[in-house]
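Engineer: Return a 3D structure for these sequence lines:
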Amino acid sequence: MNRRSWRFEGRHGLFALLLASTTACGGEADATASEAAPYPVRTVPVTISTEPDPNRTSGTVASRTELSLAFKIPGYVAEVRVTEGDRVREGQVLARLRSDEVDAQVRSAEAQAVLAQRNLERMQSLVVDSVVTQVMLEQAQDGHERAQAALDVARFNQTFATIRAPSDGRVLGRMIEPAEFAGPGVPAFRLGATGSGWVVQLSVTDRQVVRLTAGDPAEVRLDALGDVAMAGEVTEIADAADPRTGTFAVEVSFAASDARLRSGMIARVTVMPSESEALSFVPSQSLVDTDGLDAAVFVVTGDRVRRQPVRVVRIGIESIGVHAPELEGETIVTDGAAYLRDGDRVDDRTAELPDPS
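Structural biologist: Got it, this is the predicted structure:
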């Protein structure tokens, strides 16, 4: 936006300067005439921009794949071999339950399976000699299948009395201790899989989320790692808002090889949305009657002004982006706007006032 900057000294500096200039040019004027005279103002044309507004926010770093590991069966913890922060390899044993009970269940199931197998073999030999009926043979076959299924379940439970790392990774959390009783399905470890990459979990407003698309580029910075910029992109966008906060979860993936990176670190993220909206950019001093994000500007039409409500969308260093498409091509009041009312007459002195620069 090309405009000359001009500041006032004191609340009534503009009127003091302009009224003095008016008196010097037009002679003396009585009090009644000055009240009816147009207000001296400065103006500027509105600038329209459709450039995307970078979405700057912060979030929490996490492994792209985080797993919650638990025992399938209940039991007392016999040993825990890792602690929080340890790196583990795929298949490494993390913890075991006392296996007395589950081992006994396996032995019992094995014995039942052996008996069922023997009974089936006996029935098969007897049915040839017509000693037993076909129905009795079928019952023996069913008993054998049930015993074998019970053995499979017991052996499966025995396997999951031990927690092993499903992939290479880092232990992010340990929730059990030796001799504790662990319930089935209750998380015992939280594991961040390495090699799957990292993500930053963000929370954005409804106005921000509608402009985001999977694949939008992003820049990730972590103060803890020296504020180095890392390239990323938006990979997941929630379809529904969090009922507690009203915000939408967004996930930004990024690549990082720094071994110091940890889940839970705070990252600053700048996302460049692929979608944008046309915004009218106005000088900050042109806004009047501000109430949160609601405000107004005075549009100049001929020698009078019209109050135009606007809504602030983007706050810049020198200008404010407002959602008001109707301002395109209009000229608005900057210096002197605070003293105007809807319909007031104005005298545009933009070209006459001195430029301090």
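
Engineer: Which pLDDT value belongs to the residue nearest to Ser99 when sequence neighbours are not counted?
Structural biologist: Distance criterion C-beta to C-beta, 6 or more residues apart in numbering; nearest residue to Ser99, sequence neighbours excluded, is Ala161 at 5.5 Å. Placement of C-beta: from N, CA and C, glycine included. Here the pLDDT value assigned to Ala161 is 91.

Engineer: same thing with Phe8?
Structural biologist: Looking at Phe8, its pLDDT stands at 36.

Engineer: Ok, Thr60 next?
Structural biologist: For Thr60, pLDDT reads 93.

Engineer: who touches Gln201 in this structure?
Structural biologist: Contact analysis of Gln201 by C-beta atoms under 8 Å, 6 or more residues apart in numbering lists 59-60, 62, 249-251.

Engineer: My understanding was that the residue nearest to Ser99 contacts Val102; is that so?
Structural biologist: Yes - using C-beta atoms under 8 Å, Ala161 is in contact with Val102, at 5.2 Å.

Engineer: For the host helix or strand of Gln112, which helices and strands make contact with it?
Structural biologist: Secondary structure from DSSP states H and E places Gln112 in helix 100-128. The helices and strands touching helix 100-128, judged by 3 or more C-beta pairs under 8 Å, 6 or more residues apart in numbering; DSSP states H and E, are helix 134-159.

Engineer: So which elements touch the helix it packs on?
Structural biologist: Taking 3+ C-beta pairs under 8 Å, 6+ apart as the contact cut, helix 134-159 packs with helix 100-128.

Engineer: Would you mark the buried spots in the helix it packs on?
Structural biologist: Buried residues in helix 100-128, defined by neighbour count with 16 or more other C-beta atoms under 10 Å: 102, 105-106, 109, 112-113, 116, 119-120, 123, 127.

Engineer: just curious, which of those is nearest to Leu287?
Structural biologist: Within the buried residues of helix 100-128, the smallest distance to Leu287 is 72.1 Å, found for Val102 (C-beta to C-beta).

Engineer: what's near enough to touch the closest one?
Structural biologist: 73, 75, 154, 157-158, 161.

Engineer: Mind doing that once more with 6 Å?
Structural biologist: Val102 is in contact with 157-158, 161, counting by C-beta atoms under 6 Å, 6 or more residues apart in numbering.

Engineer: can you give me the end-to-end distance of stretch 128-137?
Structural biologist: End-to-end distance of stretch 128-137 (C-alpha to C-alpha, to the nearest Å): 11 Å.

Engineer: Point out where the protein drops to low pLDDT.
Structural biologist: 1-36, 51-52, 276-277, 316-317, 352-357 (pLDDT under 70).

Engineer: The same query, at a cut-off of 50, please.
Structural biologist: 1-34, 356-357 (pLDDT under 50).

Engineer: Which residue is most remote from the mean position of it?
Structural biologist: Most distant residue from the mean C-alpha position of the chain: Asp129, 75.2 Å away (C-alpha atoms, centre = their mean).

Engineer: and that one, what does it touch?
Structural biologist: By C-beta under 6 Å, 6+ apart, Asp129 lies in contact with nothing.

Engineer: which residue packs closest to the residue nearest to the spatial centre of the chain, ignoring adjacent ones?
Structural biologist: Nearest to the centroid of the C-alpha atoms of the chain, with distances taken as C-alpha atoms, centre = their mean, sits Leu202, at 1.9 Å. Distances taken as C-beta to C-beta, 6+ apart place Gly59 nearest to Leu202, at 4.0 Å, with adjacent residues excluded.

Engineer: What is the neighbour count of Val171?
Structural biologist: 19 (other C-beta atoms under 10 Å).

Engineer: Mind listing the residues bridging to it?
Structural biologist: Bridge pairing for Val171 (DSSP bridges) gives the partners Leu191.

Engineer: and for stretch 322-338, what are the contacting residues?
Structural biologist: Against stretch 322-338 from outside (C-beta under 6 Å, 6+ apart): 14, 41-46, 48, 280, 283, 285-286, 288, 297-300, 310-313.

Engineer: List only buried entries from those.
Structural biologist: Using 16+ other C-beta under 10 Å, the buried members of these are 14, 41-46, 280, 283, 285-286, 288, 297-300, 310, 312-313.

Engineer: Sort out for me which of the residues you listed are in strands.
Structural biologist: 41, 43-45, 280, 283, 288, 297-300, 310, 312-313 (DSSP state E).

Engineer: Kindly indicate which of these lies nearest Gly232.
Structural biologist: Gly232 lies nearest to Val313 out of those, by C-beta to C-beta, at 24.8 Å.

Engineer: in stretch 322-329, what's buried?
Structural biologist: 322-324, 327.

Engineer: Could I get those in JSON lines, plus columns for secondary structure and distance to Asp223?
Structural biologist: Output for the buried residues of stretch 322-329, formatted as JSON lines (DSSP: H, G, I helix; E, B strand; the rest coil; distance: C-beta to C-beta, whole Å):
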{"residue": "Val322", "secondary structure": "strand", "distance to Asp223": "33"}
{"residue": "His323", "secondary structure": "strand", "distance to Asp223": "33"}
{"residue": "Ala324", "secondary structure": "coil", "distance to Asp223": "37"}
{"residue": "Leu327", "secondary structure": "helix", "distance to Asp223": "39"}
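
Engineer: Having no further points to raise, I will conclude here.
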